[in-house]
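**Q** Sharing a sequence plus its predicted fold:
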Amino acid sequence: MTKDAFEVIPAVDLKDGEVVQLVQGERGTETGYGDPVTAATRWVDAGAETLHLVDLDGAFEGERGNADAIDAILDAVDVPVQLGGGIRTDEDALELLDTGVDRVILGTAALEEPELVERVSATNPDGLLVSLDAKGGEVVVSGWTEGTGLDPGSAAGRYEDLGAAGILFTDVDVEGQKAGVRTGTVEEIVEAVDIPVIASGGVASIEDIAALKDVGATAVVVGTALYEGAFTLEAAKHAVE
């Protein structure tokens, strides 16, 4: 992952072994989209160069809950995979990196124990993303349920200094609503760091993807809009080439 190219990355969010999409990260709002391997291979066949996997049960409960589905996806695809949700320790992160995950995503754990980012990055300099999810301009953790008082831009700079290979920023206020993106905070984070910034949340159109590219994001994670057919992955990739 570099800042020289721009990727459209399909999301494969997992809950109880099924692909789902949530609205604003709220439990009980999920729409199901079937089998994880079917979804993953569909996106790879459509041209995905990376897949974004989230273990939502892990994010909410604090320990991974969809390991079997994730292992099946890793066996089925031959593109890089980034994974978040329920990764809380060095051992969790290093085991996943050793078993085929290309980049682990730390959210709550990074906020609670910043030194974890430094330790994992020391041996895997390209293998760790820090997830900064924001509601109302404040970084939130624990499945987007707890505020931290942190500003996303300042937090991003902190984790760059600790060795993170990139920042994944999710705008929870617009996540899953297909109402369009807000580029302001993304631009602030891009200006605050020199590492890649991946944007997520609110994408409803190809124009949204172009807008995120224009403010300097390296990639965008897209979920609901792709699953609901607002546009195709092929069209999105073509638009930003």
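**A** Here it is on my side, so go on.

**Q** Going by C-alpha atoms from here, please, whenever you check contacts or count neighbours.
**A** Will do.

**Q** how far away is V77 from W43?
**A** Separation of V77 from W43 (Cα to Cα, to the nearest Å): 10 Å.

**Q** again with I209
**A** Distance of I209 to W43, computed by Cα to Cα: 17 Å.

**Q** again with G65
**A** The gap separating G65 from W43 is 23 Å, by Cα to Cα.

**Q** If you count surrounding residues, which of I209 and W43 has more?
**A** Taking neighbours as other Cα atoms under 10 Å, I209 and W43 compare with I209 leading, 28 against 23.

**Q** doesn't the more buried one fall inside a helix?
**A** Yes - looking at I209 with DSSP: H, G, I helix; E, B strand; the rest coil, it is inside a helix.

**Q** Pretty sure it sits against V220.
**A** Yes - taking contacts as Cα atoms under 8 Å, I209 lies within contact range of V220: 6.9 Å.

**Q** tell me how far the ends of stretch 213-223 are from each other?
**A** With Cα to Cα applied, stretch 213-223 spans 17 Å between its terminal residues.

**Q** Please verify my assumption that G136 contacts D173.
**A** Yes - counting by Cα under 8 Å, D173 is a contact partner of G136 at 7.0 Å.

**Q** more neighbours, the two?
**A** Comparing G136 with D173 by other Cα under 10 Å, the one with more neighbours is D173, at 19 against 10.

**Q** nearest residue to the more buried one other than its sequence neighbours?
**A** With sequence-adjacent residues excluded and distances taken as Cα to Cα, 6 or more residues apart in numbering, D173 is closest to K135, at 5.5 Å.

**Q** can you tell me how far that neighbour sits from D171?
**A** Per Cα to Cα, K135 is found 7 Å from D171.

**Q** ok, now G34?
**A** 25 Å.

**Q** between those two, which one's more packed in?
**A** The neighbour comparison of G34 against D171 (other Cα under 10 Å) goes to D171, with 25 against 13.

**Q** which residues touch the more buried one?
**A** 133-135, 182, 200-202 (Cα atoms under 8 Å, 6 or more residues apart in numbering).

**Q** Out of those, which sit inside strands?
**A** 133-135, 200 (DSSP state E).

**Q** among those, which ones are buried?
**A** By neighbour count, with 16 or more other Cα atoms under 10 Å, the ones in strands among the contacts of D171 hold 133-135, 200 as buried.

**Q** Between which two of those residues is the distance greatest?
**A** Pairwise distances across these (Cα to Cα) peak at 12.9 Å, for the pair K135 and S200.

**Q** excluding its backbone neighbours, what's nearest A39?
**A** Spatially, and ignoring its direct neighbours in sequence, A39 is nearest to V12 (7.2 Å; Cα to Cα, 6+ apart).

**Q** In this protein, what residue spans correspond to helices?
**A** For the chain, the helices defined by DSSP state H cover 36-45, 56-61, 67-76, 90-98, 108-112, 114-123, 152-161, 184-192, 206-214, 224-227, 233-240.

**Q** quick one: P196 and A217 touch, right?
**A** Yes - contact status for P196 versus A217: in contact at 7.0 Å, counting by Cα under 8 Å.

**Q** the more surrounded of the two?
**A** A217 (27 against 23).

**Q** ok, the more buried one - contacts?
**A** Taking Cα under 8 Å, 6+ apart as the test, what A217 contacts is 3, 6, 186-187, 190, 196-199.
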